[in-house]
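Undergrad: here you go, sequence then predicted model.
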Amino acid sequence: MLIILVLGVITVLVFIYFYIVKRQNYFKDRGITQGKPMFLFGHSLGALIHTRTWTDLVQSVYNQGAGNRYTGMYHFHFPLLVLRDPELLKQVAIKDFDHFTDHISFLPTDSDPLFSKSLVALHGREWREMRALLSPCFTSSKMRFMFNLINESAENLAEHFLKKDENVVEVEMKNAFTRFSSDVVATTACGIKVNSLENPKNEFYLMGQKATDFSDIWKNIKFLLYLIVPYIKKVLKIQLITDDVFTFFRGLIDETIKVREEKGVVRPDMIHLLLETRKGIRKEEETNDVDTGFATAEESPSGLGNLFVLQNIERRKFF
């Protein structure tokens, strides 16, 4: 009986090994460059255990395909095609975009009530409807209305260091940019003014840090297990956004919307744009759309914000 059990386990392990090896030769079998993936983890292990950044990972994969229109990489045993040719990128992103709308499922849709409603987590019809709803909010004319809000945060950052009145100002850039980006998100997405350099322990910044903290080892282990074996999602119960963070931001948005609607406040930020957009949609859907909008809108103000920081540094002659 023991021999049969051992043989059975060995058979299963051998099957898994060759299954993964076969999957990790997907591109090689088709004559596409792919580098050398690590068994089980593919190319992703370094980024997953934080010994390298995802940007560095993608850059190295991109470089391995020099001279080719595309190259291959593996996220665990899932094959991912990295496009290098600008014309091919245009074809995928514009002409044939309707065939490339869905993202990889990083989490079970029912495990995280906030993340599962964001644009990067939706698929198919839900994604198309959400994108159609949010797209009008990100036109160049709408973004110009937020210029003063972003510039105000940049001015606050510049003034914070000018007050030191020193010939040489030592700046911890990661901390400064993180706090500035948080202020930009607060003013453009959530409709509140925050100065995280003057008030370093403000609740908005602390909750934002907690929402983006992935240092919890057990959370990372569960996340890895889900990526490797998606079928055990009900056992893992992965949740990226903790209940207290969700409650804080949900309460903040609800209160801001309530004040806007009761007092007729108009401010050129994402809340105003989404309130205008959601008109005609039933109440339950409106709430989800507004919450989702802020989750998907954070990257844009953060990226623009850093440009305004550099602009102020140059204009104020910090260097």
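TA: Arrived safely. Numbering: from 1, shown residues only.
Undergrad: quick one: pLDDT of the residue found closest to T187 once you drop the neighbours it is linked to in the chain?
TA: Setting aside the residues directly before and after it, T187 is nearest to L149 in space (C-beta to C-beta, 6 or more residues apart in numbering), at 4.7 Å. (Glycine included, C-beta is placed from N, CA and C.) As predicted, L149 sits at a pLDDT of 91.
Undergrad: cool, the one 3 residues further on as well?
TA: According to the model's per-residue confidence, E152 sits at a pLDDT of 93.
Undergrad: quickly find the element holding it.
TA: Applying DSSP states H and E as the criterion places E152 in helix 147-162.
Undergrad: and that helix, what's buried?
TA: Residues of helix 147-162 classed as buried: 149-154, 156-158, 160-161 (neighbour count, 16 or more other C-beta atoms under 10 Å).
Undergrad: which element follows it toward the C-terminus?
TA: Following helix 147-162 in sequence order, the next helix or strand is helix 173-189 (DSSP H and E).
Undergrad: show me how this protein divides into domains.
TA: 2-96, 130-315 (automatic domain parsing).
Undergrad: just to revisit the earlier point, my read is that the residue nearest to T187 contacts H272, right?
TA: No: if you go by C-beta atoms under 8 Å, L149 and H272 don't touch, sitting 11.0 Å apart.
Undergrad: quick check: neighbours shared by the two?
TA: Common neighbours of L149 and H272 are not found (criterion: C-beta atoms under 8 Å, 6 or more residues apart in numbering).
Undergrad: re the thing from before, ok now the helix holding E152, how far from the chain's centre?
TA: 25 Å (C-alpha atoms, centre = their mean, to the nearest Å).
Undergrad: that one packs against which elements?
TA: helix 173-189, helix 299-315 (3 or more C-beta pairs under 8 Å, 6 or more residues apart in numbering; DSSP states H and E).
Undergrad: quick check: angle from it to helix 173-189?
TA: Interaxial angle of helix 147-162 relative to helix 173-189 (axes from the mean of the first three to the mean of the last three C-alpha atoms, to 10 degrees): 150 degrees.
Undergrad: K258: what secondary structure?
TA: Here K258 is recorded as helix under DSSP: H, G, I helix; E, B strand; the rest coil.
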